[in-house]
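S.K.: Sharing a model prediction with you, sequence too.
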Amino acid sequence: MKTGTSSEGLGTQSSPWEGFDRELVLETYRAALGQLSWNERRALYAIEIKGWSYRRAAKRLGLPADQLRTLIFEARKKIQRRMEKALKRAPKPS
């Protein structure tokens, strides 16, 4: 899977997953997502999937806005770390 390289234009970056099988990437992401706490998953769902603003998500989830921001930040960081760890173990693309 080719996602773009810096030579293709301004603002594009090479993904660390470039060249890896799409199914492997999705499976790895799903596994990382599944390891998050319930609150982290529902916060990410509200922001990333539903597209709610932080204010709306905090209100609908019954959380202070600062706590929601922290949950989102920590969840993204956990997913990134788990994806990077999996990348090191994955077969290298040819």
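M.R.: Done, it's in.
S.K.: Could you check which helix or strand contains residue 91?
M.R.: With elements delineated by DSSP states H and E, residue 91 resides in a region that no helix or strand encompasses.
S.K.: count of residues packed around it?
M.R.: Close neighbours of residue 91, defined as other Cβ atoms under 10 Å, add up to 8. Every C-beta, even on glycine, is put in place using the N, C-alpha and C of the backbone.
S.K.: Distance check, it against residue 24.
M.R.: Taking Cβ to Cβ, to the nearest Å as the criterion, residue 91 is separated from residue 24 by 8 Å.
S.K.: who's in contact with residue 70?
M.R.: Residues near residue 70 by Cβ atoms under 8 Å, 6 or more residues apart in numbering: none.
S.K.: can you rerun that using 10 Å?
M.R.: The neighbours of residue 70, taking Cβ atoms under 10 Å, 6 or more residues apart in numbering as the test, are 40, 43, 63-64.
S.K.: what's the answer for residue 80, then?
M.R.: Contact analysis of residue 80 by Cβ under 10 Å, 6+ apart lists 16, 32.
S.K.: Quick check: it vs residue 17, distance?
M.R.: Shown here: residue 80 relative to residue 17, a distance of 12 Å by Cβ to Cβ.
S.K.: And the contacts of residue 70, which is closest to residue 52?
M.R.: The nearest member of those to residue 52, counting by Cβ to Cβ, is residue 43 at 10.0 Å.
S.K.: Great, nothing more from me.
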